[in-house]
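here's a sequence, model it:
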Amino acid sequence: MASLATALDTIITRENTLARENKLSQIGAMEAEKTQLAVDYHRHVRALKADPSRLHAAPDALRARLRAAIGSLESKLEDNTRYLGAAKEISEGIVAAAARAASEARAPTIGYAPKSTAKQRPLAATATIALDKRV
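Predicted coordinates for the structure are as follows:
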């Protein structure tokens, strides 16, 4: 189980690095391996919960290694949650801004002439979208 936690820790560390470097599109390539490791890890956790005597019977050095691996993994998962949560929030903000801008562009015309080009849009509500790859 310690080796599974370490392998999962390694993948999460790579994912965190890619997220910090704004290379989110590369994270998908690790999904299959990460999913398989997470499933195997979860299976081992359930087995240990069902029969804790296996853990108690393990040598102290092995239990210490397992504690360290799990502690490191949990720390990396907290970082991962922050990074991917921030990326999701930014993406959702960009989509919302694009939707607002598209909605404003399709605003109904006003005026008395049938082919009036004036739009019912206050200047303060105008949305400008600028994409910066660092975001």
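
residue contacts, the residue nearest to the spatial centre of the chain?
Against the mean C-alpha coordinate of the chain, by C-alpha atoms, centre = their mean, the closest residue is L84 at 2.4 Å. L84 makes contacts with A19, as judged by C-beta atoms under 8 Å, 6 or more residues apart in numbering. All C-beta spots, glycine's among them, are computed from the backbone N, C-alpha and C.

low pLDDT regions in this structure?
Applying pLDDT under 70 to the chain flags residues 104-135.

so where do the helices sit in it?
2-20, 31-50, 53-57, 60-105 (DSSP state H).

which of the ones you listed sits most buried?
Comparing the helices of the chain by mean neighbour count (mean count of other C-beta atoms under 10 Å), helix 2-20 ranks first with a mean of 18.

show me what that helix is packed against.
On a contact count with 3 or more C-beta pairs under 8 Å, 6 or more residues apart in numbering; DSSP states H and E, helix 2-20 meets helix 31-50, helix 60-105.

tell me which of these sits nearest to E15.
Proximity to E15, assessed across those by C-beta to C-beta, is greatest for helix 60-105 (6.2 Å).

centre of the chain to that closest one, how far?
Distance of helix 60-105 from the chain centroid (C-alpha atoms, centre = their mean, to the nearest Å) equals 4 Å.

give me the angle between it and helix 2-20.
Helix 60-105 runs at 30 degrees relative to helix 2-20, counting by axes from the mean of the first three to the mean of the last three C-alpha atoms, to 10 degrees.

how about R14, what does it touch?
Counting by C-beta under 8 Å, 6+ apart, R14 makes contact with M30.

and the gap between it and T81?
When distance is defined by C-beta to C-beta, to the nearest Å, R14 is 16 Å away from T81.

same question, N16
10 Å.

over to E74?
Per C-beta to C-beta, E74 is found 11 Å from T81.

same deal with A5?
From A5 to T81 the distance is 17 Å (C-beta to C-beta).

noted, bye for now.
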